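Enquirer: sequence plus the predicted model coming up.
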Amino acid sequence: MESKTTSSSARAITNPSSGAVMNNDRKSVIAMQLTDVEAMYGSFRAVNKVSLEIQARSVTSFIGPSGCGKTTLLRTLNRMHETLPGATVKGSIEVNGVNLYGASIDPVRVRRSIGMVFQKPNPFPAMSIAQNVASGLRLSGMKANKQVAEIVEESLRKSALWDEVKDKLNEPGISLSGGQQQRLCIARAIAVEPEIVLMDEPCSALDPLATLKIEELISELKTRYTIVIVTHNMQQAARVSDTTAFFNMGADRGGFLVETGPTTKIFTNPTNKLTEDYIAGRFG
Amino acid sequence: MSQALSNRPGLDFSLTPHDIKRRRVNQLALRIIQIAAIIAIVPLIAIVFVIASKGLPHLNLSFLVNGPLERPTGIVNAIQGSLVMTFVAIVAAAPVGIAGGIYLNEYASRNVARVGELLIDVMLGIPSILAGLFIYFAIVPILGHSGWAGASALTVLMIPVVMRTTQEVLRLVPAGLREASLALGVPQWKTTVFVTCRTAISGIMTGVVLAISRGLGETAPLLLTSQSSNDTAINLGQPMNAMTVVIYQNAGSSDPQVVATAWTTALVLFALALILNVAVRFKTVNNRIF
């Protein structure tokens, strides 16, 4: 039911190496296939017909000026967009050949496999550090205490927070600094073993040092997870991502995909004049 | 250099007549709001003082454990009646009010929520005797003047208090927490119970205590529903006494001994309400979330 060929959309220029799916070669596996995705807020079309492929086990960044719909598009990827009143999605997003917007798909299951880290660190204030990490497991029904303790440690190690919090796991999550809170949120997201992690400007509320730590962490996490990151910071996109998708706002104020490709190409030799102007800081 | 700067009018910091006038007005306004604050507190202190001075001389153990027909006379049945009817009422009102508040804030469409809020505000403003009158016509013909009828009237008055408070505190829970939970693949009902309500639990409990205080303090609806009784047995099927009703019935008596009973009952009621509120205040301050 799904054709894994490159989208024919003229705007979407995909990584040439991903034209064909090679199942045994992880590097070129397509994690997500977006076809004509549109996101609406009531009658306002915030994202216009986006078609693109997201490579597995790599970092894809969404860049573009404010209001171009990149966060909205990101939120369609794990069916969070529709949680807002009046928000709807058209088109298809296929993962492993299955359309996430198919009639028989439960959004709760989608979100279990596709986690999300938000712009503002948002640990649960009524929970301790350990409880925050364990929250996804406990609330989705995984109860064995010993197993949970192991996963908490493992997730905190993966998110490079373990050494800083191992002696105060029972203190409130909100007692940590902003950068630590964001790594706690990353630990919470990866504790439920998602395949894909979406990050919505995860460093925009952090200082440069905390940002650097998160960026290092993203580079490590991509060996295990597929990461899609929205960022306003072009240097960040250039530093952390393998593929970059550039969006812009159209005359109807709806966002559209201008071009996508390997990050090095987008930043050194973009195909589209708009991309070149944006990268050079001439607008946005 | 300094010579040149001092010539600039913007750098002249000496007081002008306007500055002096502004300072005087400022002082005057400060005094006025200080006096207003004192005026607001005076009745509270006066009430505590009068209740304590009139009630304490007659307060002793037999007053708390004896019935009204025993000698020395006591108000044990009124204490029992107030506590039992308030307890039954809050057991009924808290789940309904909390669930209703959750529905209005978490699930209802904007229009439904707006209409719901308006109805609760109307219910909050209803004079309590109307709740009594309603139960008098709806329940009393079936169950008679009884503890059940009294508790029903209190329930009607408590539900909007719990519901409104629940809705208000849930509104204060940041939307980001709900999103964080949903994005973990947690179903919406678990997000509501274990993230949203857990974050707001101290506020929700404050609403429940407010409702209990209201139940303990109501008089008019009980006069129409549970009436009063000299019986010391706890039987919700029969008319029941309440502390507020004892105060109402005894305060106007020509017998100073009976009036003293009213004052002492007032002291006991006041102490109960105070203990309840202070206990919850301590509990919620320690678990402060917002």
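Expert: Thanks, I have the structure now.
Enquirer: for chain A, which residues are neighbours of chain B?
Expert: Residues of chain A lying near chain B by Cβ under 8 Å from any Cβ of the partner chain: A:78, A:80, A:83, A:85, A:108-113, A:115-116, A:118, A:120, A:122-127, A:135-136, A:139-140, A:185, A:188-189, A:192. (Each C-beta comes from the backbone N, C-alpha and C, glycine too.)
Enquirer: can you name the residue of chain A nearest chain B?
Expert: residue A:112 (2.9 Å; Cβ to the nearest Cβ).
Enquirer: give the contact list for that residue.
Expert: Residues in contact with residue A:112, defined by Cβ atoms under 8 Å, 6 or more residues apart in numbering or on different chains, are A:136, A:140, A:192, A:194, B:184-185.
Enquirer: what is the neighbour count of residue 202?
Expert: Looking at chain A here, since you left the chain open. Neighbourhood size, residue A:202 [other Cβ atoms under 10 Å in any protein chain shown]: 28.
Enquirer: meant chain B, my bad for not saying
Expert: Residue B:202 - counted by other Cβ under 10 Å - has 18 other residues nearby.
Enquirer: now do it against residue B:172, distance only.
Expert: Here the criterion is Cβ to Cβ, to the nearest Å. By it, residue B:202 lies 11 Å from residue B:172.
Enquirer: what of residue A:96?
Expert: Taken as Cβ to Cβ, the span from residue A:96 to residue B:172 is 40 Å.
Enquirer: can you tell me the element the residue of chain A closest to chain B falls in?
Expert: helix A:107-113 (DSSP states H and E).
Enquirer: now that helix: mean pLDDT?
Expert: For helix A:107-113, the mean per-residue pLDDT is 91.
Enquirer: before we move on, what about stretch A:38-58?
Expert: Rounded mean pLDDT across stretch A:38-58 is 92.
Enquirer: quick one: end-to-end length of it, please.
Expert: 24 Å (Cα to Cα, to the nearest Å).
Enquirer: buried stuff in that stretch?
Expert: The neighbour-count check on stretch A:38-58 (16 or more other Cβ atoms under 10 Å in any protein chain shown) flags A:38-40, A:45-58 as buried.
Enquirer: show me the shaky parts of the stretch 1-150 of chain B.
Expert: Counting by pLDDT under 70, the stretch 1-150 of chain B shows low-confidence ranges at B:1-7.
Enquirer: what's the answer for the stretch 1-150 of chain A, then?
Expert: Applying pLDDT under 70 to the stretch 1-150 of chain A flags residues A:1-28, A:142-144.
Enquirer: all helices for it, in order.
Expert: Taking DSSP state H, counting those that start in this stretch as the test, the helices found in the stretch 1-150 of chain A are A:70-76, A:107-113, A:129-139, A:145-158.
Enquirer: do the same with the stretch 101-250 of chain B
Expert: Under DSSP H, counting those that start in this stretch, the stretch 101-250 of chain B gives helices at B:110-125, B:128-138, B:140-143, B:147-172, B:175-183, B:188-190, B:198-199, B:201-217, B:220-225, B:243-251.
Enquirer: how many residues are close by residue B:49?
Expert: Counted with other Cβ under 10 Å, the neighbours of residue B:49 add up to 10.
Enquirer: roughly how far does it sit from chain A?
Expert: 41 Å (Cβ to the nearest Cβ, to the nearest Å).
Enquirer: next: residue B:104.
Expert: On the measure of Cβ to the nearest Cβ, residue B:104 and chain A end up 15 Å apart.
Enquirer: residues contacting the one residue in the stretch 1-150 of chain B that gets nearest to chain A?
Expert: Ranking the residues of the stretch 1-150 of chain B by distance to chain A (Cβ to the nearest Cβ) places residue B:110 first, at 7.1 Å. The contact partners of residue B:110, by Cβ under 8 Å, 6+ apart, come to residue A:85.
Enquirer: try it again at 10 Å.
Expert: Applying Cβ atoms under 10 Å, 6 or more residues apart in numbering or on different chains, we find residue B:110 in contact with A:85-86.
Enquirer: same check, this time on residue B:208
Expert: B:90, B:93-94, B:97-98, B:158, B:161-162, B:165-166, B:280.
Enquirer: related to what we said a few turns ago, out of the contacts of residue A:112, name the two that are farthest from one another.
Expert: Farthest apart among the contacts of residue A:112 by Cβ to Cβ are A:140 and A:194. That separation is 11.6 Å.
Enquirer: before we move on, back to that, got a quick PyMOL command for the buried subset of the residues of chain A next to chain B?
Expert: Buried residues within those, by 16+ other Cβ under 10 Å, are selected in PyMOL with:
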select buried, chain A and resi 78+80+83+108+110+111+112+113+115+116+118+120+122+123+124+125+126+127+135+136+139+140+185+188+189+192
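Enquirer: check which helices and strands the helix or strand where residue B:257 lies sits against.
Expert: Using DSSP H and E, residue B:257 maps to helix B:256-286. Here helix B:256-286 touches helix B:17-55, helix B:61-65, helix B:76-102, helix B:201-217, helix B:243-251, going by 3 or more Cβ pairs under 10 Å, 6 or more residues apart in numbering or on different chains; DSSP states H and E.
Enquirer: residue A:40: what's it in contact with?
Expert: Residues near residue A:40 by Cβ under 10 Å, 6+ apart: A:46-47, A:72, A:81-82, A:86-90, A:254.
Enquirer: in stretch B:132-147, what's buried?
Expert: Those would be B:132-136, B:139-140, B:143, B:145-147, for stretch B:132-147 by 16+ other Cβ under 10 Å.
Enquirer: could you identify the most distant pair in those residues?
Expert: By the measure Cβ to Cβ, the buried residues of stretch B:132-147 have their two most distant members at B:133 and B:147, which lie 18.2 Å apart.
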